[in-house]
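Q: Compute the structure for the input listed below.
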Amino acid sequence: MEYLLAVMLFAVSSSVTPGPNNIMVMTSGVNFGIKKSLPLLTGICVGFTLMLLLVGLGFAQLFQVFPQLHFVIKCIGTVYLLYLAYLIARSAGTLSSASQAKPFTFMKGALFQWVNAKAWVVATGAIAAFTTVGTGFYSQNLTIALTFFIVSFPCVGVWLLFGSMLKNLLQNERKRRVFNYTMSGLLVLSVAPVIKEILGQLSLTSTVT
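A: Residues are numbered from 1 along each chain as shown. Next up is the predicted model:
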């Protein structure tokens, strides 16, 4: 019981705190409403659960053998997150705009987890902290994944609800533009530590060579 409670507390704290997933969901709620944003929300929750299972089944060990692979994924993910920030800023328009971008689909939400730096940190951290090598490893991995799956819907959903509530306050095109620019900036800030880490690794590599 104590083990399950610890996993649940970790899942809640890591899922409800600001990050790329929650910023995307809230922005989608503002621009498209709850109904059209549900595929994105579901894709994020399902995609991260699948990521947890796969990390537990061997991705962590794979990255220990090929650390450069993790670095490559991190670089690709960072570039993609910056691209998403650009798309969010670009979508600053009126609700009735015919040229407005479409909301992200279920598949995009699920695949996004594999380039989301925070998702990797949480997934590897959860597996490292709440599993032990032995016969119970796989059942623990499954417990962690199921806990995150159950917890992530309400935790991420809060951000979608908040975004939907803001929708009525942001009918004005100027206000919507300011909001989207702000969310775009926050997404860039959430990636800043990863960019710093990447630049540090590149600098270290160039120094060694």
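Q: can I assume V46 is in contact with L111?
A: No: here V46 lies out of contact with L111, judged by CB atoms under 8 Å, at a distance of 10.9 Å. Glycine gets a C-beta too; all of them are placed from N, C-alpha and C.
Q: I'd like the next helix or strand past the lowest-mean-pLDDT helix or strand in the chain.
A: Lowest mean confidence among the helices and strands of the chain (mean pLDDT, DSSP states H and E): helix 60-65, at a mean of 67. Using DSSP states H and E, the helix or strand that follows helix 60-65 in sequence is helix 67-90.
Q: So which residues make contact with that next one?
A: Outside helix 67-90, the residues that touch it by CB atoms under 8 Å, 6 or more residues apart in numbering are 20, 24, 27, 62-63, 101, 112, 114-117, 120, 180-181, 183-185, 187-188, 190-191, 194-195, 197-198, 201.
Q: What is the end-to-end distance of stretch 8-28?
A: With CA to CA, to the nearest Å as the measure, stretch 8-28 spans 27 Å from end to end.
Q: So which bits of that stretch are buried?
A: Buried residues in stretch 8-28, counted by 16 or more other CB atoms under 10 Å: 10-12, 14-16, 19-28.
Q: same thing with stretch 127-136?
A: 127, 130-131.
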